[in-house]
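Student: here is a sequence with its predicted model. Questions after.
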Amino acid sequence: MDWMVRVEQLSKEFTLHTQGGIHLRVLEGFDLTVGAGELVLLRGPSGAGKSTLLRLLYGNYRAKGGAIWVRHGGHLVDMVSAGPQLVLDVRRRTMGYVSQFLRVIPRVPALRIVMEPLRALGVAEEEARQKAARLLDQLRVPERLWGLSPTTFSGGEQQRINLARSFIATPPVMLLDEPTASLDPVNRQLVVDLINQTRQAGAAMVAIAHDGALLDTPVTRIVEMHSYQGAIVANDLPQSCP
Amino acid sequence: MTETGMEGYNFAYLDEQTKRMIRRAILKAVAIPGHQVPFGSREMPLPYGWGTGGIQLTASILGADDVLKVIDQGADDTSNAVSIRGFFARTAGIKTTTKTRQATIIQTRHRIPETPLREGQIIVYQVPIPEPLRFLEPSEPQTRRAHALAEYGLMYVKLYEDISRNGHIATAFDYPVMVHRRYLMSPSPIPKFDNPKMDRMPALQLFGAGREKRIYAVPPYTRVKSLGFEDFPFQVERWRECCAICGSRESFLDEVIVDDRGARIFVCSDTDYCSERCEPIHSGSQAAPLREHLAAIEREGQACKRPVQFSK
Amino acid sequence: MQAPSPILEVTGLTRYYGRRVGCEAVQFTLWPGEVLGIVGESGSGKTTLLNCVSGRLEPSGGTVLYHSRWGLVDLYQTPEANRRLLMRTEIGLVRQSAREGLRMRVSAGANIGENLMANGQRCYGRIREQALSWLERVEIDPERIDDLPTSFSGGMLQRLQIARNLVTQPRIVFMDEPTSGLDVSVQAKLLDLLRCLVSELDLSVVLVTHDLAVARLLANRLLVMRRGQVIESGLTDQVLDDPQHPYTQLLVSSILQN
């Protein structure tokens, strides 16, 4: 089986100029390979770099060193060195990202939010609408909410819109940051079903989830992440560790 | 030069240097039809607003053999027309006339004569505001730029506003025209009725604005087109009545109140044209049809009012 | 993947005001359908930059290359008449103050129709039709087509300005702080309108703003300016979530968190 994502010697460091210029090293020499149909679960204490890794994969954070190879439409793209246009294209066609919360844009109805990724790919209005409707049905979002803006929805409803929007274009690579955190057990099951379905269709997935959050999803691999030893490196001035 | 003019004054009042300056401006204006040429307008013995621009033009082009006609609102006998005609008679000693056909130079305020002008004649218009865009764009640098770049959208904006407010283009005089397909020009406050006469006129047309210090020109046979929209094209005025004196249905008519009860008649604004139609014409062939026409009016009292009886 | 050709290429753009630096050595490329945000505080040079790239202010140095419908145009090497024609047809500018971008003494319909008329449209009926259609699109009651803009609210004036610019179907629109001075709810409405229009019409937009929330909502990419120079650039989420430059970090951390 061919890999979809290959991380090589990835390192990430934050320089916090607003806090006197301290350097925060979060990742060093990190390797990871994810194949099609695999689900890799990231575990570890808070601050260990799990979210940071996902954001690096998505091109949201900028790496200090190393490479992130992604199989994008027949080519290999390194997300670390790719220019903005290329990163946008990878996000549009190859890589999806589910954040913990929906970033709400006022006035746009839920159905349209879910349709948007398909429309951006050039899918016809009617076809996009039908697919979005089916997905919202699958996630048991009541039809009366489809025409409303999610600004007034509950956390669980917003998150299901968020998930629908990320899954609708069935990207080959999915990055999931605590996808079920704000959901009750019933809705959690719906999401787990969706994740399994997508995985069986061949997607490569990297997820962050707390114990039990993904229930009994067959997980290919668990990667334990630890805080990098000596993570906080002071600059010239002596600093006490916070 | 006492035989040709007043003692102590140059021919036609202006000194030769000024005439040369104005003639240069005229040459430039004729070379660029419709383009406003600045000139050093002089103090004239009448205030601004009374035709100083027109007078300076006439003074600069007048020659000893010229025959001058001066009209104001179409009439030769208003006090302005009379004064200006007298001014040139005294300062230049030239012949003057009220007959359009006999004039070589016609100075006018607010009308073009009904009698078509011919090659070799010059018509001099008195202009108050030479800039057609002035009321829409008060800034001089901006209007100059608009002319330089031929950007005349603003004028169409005004016409659009007219139509949206009044249902039709409400401008009745000083109706903007495009000259030689290039410059937007103000034809001076002549009624829009007269605009078509400007198109390919065989005579030379000169325009002078004394207070604003601009000269512009339309050479003979130049295309002059009044602005309009495809679905709201340029249209001239029409009257239901005919002239009460000569019976004309083709000329521009003035409305005159004749008694204290508000009775009104319509008469030709162009007095020369009107009287020519009424005079017995020596060629004979035209006299009979005209008399017959007048008789018919009297007999049947058509749409015209009864002609007014003048005592001769 | 076939790369589309860019719509605007700016190199080495510099503008001085005497000895003061307006902007210096600015370089960027804009692609069709892209929204580029230029953020920075007052005095950062963003408005100077906008005026230079939109054809309204001649730079002291550098080039602005625009890919127009009929070929590559070096904006400041082309005759003024051509530049002004482009500014009436393919390039739009929405100013911060709607009163400067509109004719306040002329009706709303005439404001929208002016560039159409300047470009040779001579059918009154067609002009009026297009004006009515655009009023609806920017959510202004079409009954107000003959009203003067002096009777419009701030939000309506801004939307009228947008309609006036978009009626000629430009390919690129420059916007200078389009939502400043408006109430929050009015801002939201305007931003939503802009988002929809940008995606519907496949517009390229260069948007100057000091409001990072507006930038996050509308812009795909950001340029961060300080003292006339571009100190950081990248995708909007990159710049706002992982700012590298000390000034950018300061800017981002200053947003009030709600």
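Tutor: Structure received.

Student: longest helix of the chain, counting residues only.
Tutor: Assuming you mean chain A. With DSSP state H setting the assignment, residue counts place helix A:185-200 as the longest helix in chain A.

Student: oops, I was thinking of chain C
Tutor: Of all the segments of type helix in chain C, defined by DSSP H, the longest one is helix C:184-201.

Student: following that helix, which helix or strand shows up next?
Tutor: The first helix or strand that comes after helix C:184-201 along the chain, using DSSP states H and E, is strand C:204-209.

Student: in the stretch 1-150 of chain B, what residue comes closest to chain A?
Tutor: Closest approach of the stretch 1-150 of chain B to chain A (C-beta to the nearest C-beta) occurs at B:L149, with a separation of 37.6 Å. Where C-beta positions appear, they are placed from N, C-alpha and C, glycine not excepted.

Student: give me the nearest residue to that residue, chain neighbours excluded.
Tutor: Distance criterion C-beta to C-beta, 6 or more residues apart in numbering or on different chains; nearest residue to B:L149, sequence neighbours excluded, is C:A81 at 5.0 Å.

Student: who in chain A is up against chain B?
Tutor: With the criterion set to C-beta under 8 Å from any C-beta of the partner chain, chain A never comes near chain B.

Student: gap between C:G228 and chain B?
Tutor: 29 Å (C-beta to the nearest C-beta, to the nearest Å).

Student: quick one, what contacts that residue?
Tutor: C:G228 makes contact with C:V21, C:G22, C:C23, C:E24, C:S44, C:G45, C:T48, according to C-beta atoms under 8 Å, 6 or more residues apart in numbering or on different chains.

Student: hang on, the earlier thing: residues near the residue of the stretch 1-150 of chain B closest to chain A, how many?
Tutor: With neighbours defined by other C-beta atoms under 10 Å in any protein chain shown, the count for B:L149 comes to 14.

Student: ok so, going back, now the contacts of C:G228: which count as buried?
Tutor: Those of the contacts of C:G228 that meet the buried threshold are C:V21, C:G22, C:C23, C:E24, C:S44, C:G45, C:T48, by 16 or more other C-beta atoms under 10 Å in any protein chain shown.

Student: just say helix, strand or coil for the residue in the stretch 201-312 of chain B that chain C sits nearest to.
Tutor: The shortest separation between the stretch 201-312 of chain B and chain C is 4.2 Å, found at B:F229 (distances taken as C-beta to the nearest C-beta). Three-state secondary structure (criterion: DSSP: H, G, I helix; E, B strand; the rest coil) places B:F229 in coil.

Student: for it, give its distance to C:L85.
Tutor: Applying C-beta to C-beta, to the nearest Å, one obtains 22 Å for the distance of B:F229 from C:L85.

Student: I'd like the distance between the residue nearest to C:D192 when sequence neighbours are not counted and B:H110.
Tutor: Leaving aside its sequence neighbours, C:D192 sits nearest to A:R107 (C-beta to C-beta, 6+ apart; 4.5 Å). Here A:R107 is placed at a distance of 59 Å from B:H110 (C-beta to C-beta).

Student: wait, A:L42 touches A:M225, no?
Tutor: Yes. With contacts counted by C-beta atoms under 8 Å, A:L42 reaches A:M225, the gap being 6.0 Å.

Student: overlap in contacts, these two.
Tutor: A shared contact of A:L42 and A:M225, defined by C-beta under 8 Å, 6+ apart, is any residue touching both; here these are A:K50, A:L53.

Student: comparing those two, which shows the higher neighbour count?
Tutor: Each of A:L42 and A:M225 has its neighbours counted (other C-beta under 10 Å); A:L42 has more, 22 against 19.

Student: ok, now which ones touch that one?
Tutor: Counting by C-beta under 8 Å, 6+ apart, the residues that A:L42 touches are A:K50, A:L53, A:L54, A:V206, A:A207, A:I208, A:V223, A:M225.

Student: what segments of chain A are strands?
Tutor: Under the criterion DSSP state E, strands of chain A are mapped to A:3-16, A:22-35, A:39-43, A:65-72, A:75-78, A:95-98, A:173-177, A:204-208, A:221-224, A:232-233.

Student: pipe those strands into JSON lines and attach distance to B:G40 per row.
Tutor: Supplementary listing: these in JSON lines, determined by distance: least, C-beta to C-beta, whole Å:
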{"stretch": "strand A:3-16", "distance to B:G40": "71"}
{"stretch": "strand A:22-35", "distance to B:G40": "76"}
{"stretch": "strand A:39-43", "distance to B:G40": "87"}
{"stretch": "strand A:65-72", "distance to B:G40": "75"}
{"stretch": "strand A:75-78", "distance to B:G40": "74"}
{"stretch": "strand A:95-98", "distance to B:G40": "75"}
{"stretch": "strand A:173-177", "distance to B:G40": "79"}
{"stretch": "strand A:204-208", "distance to B:G40": "84"}
{"stretch": "strand A:221-224", "distance to B:G40": "90"}
{"stretch": "strand A:232-233", "distance to B:G40": "81"}
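
Student: and these as TSV, adding mean pLDDT and distance to A:F167?
Tutor: Shown next, in TSV, are those (pLDDT from 0 to 100; distance: least, C-beta to C-beta, whole Å):
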stretch	mean pLDDT	distance to A:F167
strand A:3-16	92	16
strand A:22-35	89	17
strand A:39-43	88	14
strand A:65-72	94	18
strand A:75-78	93	22
strand A:95-98	93	7
strand A:173-177	93	8
strand A:204-208	92	11
strand A:221-224	83	22
strand A:232-233	38	37
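
Student: looking at those, which is nearest to C:L160?
Tutor: With C-beta to C-beta as the criterion, C:L160 lies closest to strand A:95-98 of these, at 38.5 Å.

Student: partner strands of the closest one, with direction?
Tutor: Each strand pairing with strand A:95-98, determined using DSSP bridges, is listed with its direction: strand A:173-177 (parallel).

Student: could you export the strand it pairs with as CSV, CA atoms only?
Tutor: Extracted in CSV, the C-alpha atoms of strand A:173-177 (Å, rounded to 0.1, in the frame of the first residue of the first chain):
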residue,chain,number,x,y,z
VAL,A,173,-6.2,12.9,3.5
MET,A,174,-8.2,13.9,6.6
LEU,A,175,-6.8,15.7,9.6
LEU,A,176,-9.1,15.6,12.7
ASP,A,177,-8.6,17.7,15.8
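
Student: avg pLDDT for stretch C:250-258?
Tutor: For stretch C:250-258, the mean per-residue pLDDT is 72.

Student: with stretch B:277-291 instead?
Tutor: Taken as a whole, stretch B:277-291 carries a mean pLDDT of 59.

Student: about what we covered before: I'd guessed the residue of the stretch 201-312 of chain B closest to chain C sits against B:L159; true?
Tutor: Yes. Using C-beta under 8 Å, B:F229 and B:L159 qualify as a contacting pair, with a distance of 6.8 Å.

Student: how close does the residue in chain A that chain B sits nearest to get to C:L217?
Tutor: In chain A, the residue found nearest to chain B is A:R107; the distance is 32.5 Å by C-beta to the nearest C-beta. Remark: distance between A:R107 and C:L217 (C-beta to C-beta) = 11 Å.

Student: likewise A:Q189?
Tutor: If you go by C-beta to C-beta, the gap between A:Q189 and C:L217 works out to 34 Å.

Student: more neighbours, these two?
Tutor: The residue with more neighbours, out of A:Q189 and C:L217, is C:L217; 20 against 13, by other C-beta under 10 Å.

Student: which SS state does that one fall under?
Tutor: helix.

Student: picking that back up, narrow the contacts of C:G228 to those in helices?
Tutor: If you go by DSSP H, the contacts of C:G228 have C:T48 in helices.

Student: got a list of what C:N119 touches?
Tutor: Counting by C-beta under 8 Å, 6+ apart, C:N119 has contacts B:G153, C:R88, C:T89, C:T168.

Student: over to B:D66?
Tutor: With contact taken as C-beta under 8 Å, 6+ apart, B:D66 is in contact with B:I94, B:K95, B:T104, B:I105.

Student: bridged to the second one, which residues?
Tutor: In this case it means B:K95. On DSSP bridges, the residues paired with B:K95 through beta bridges are B:V67.
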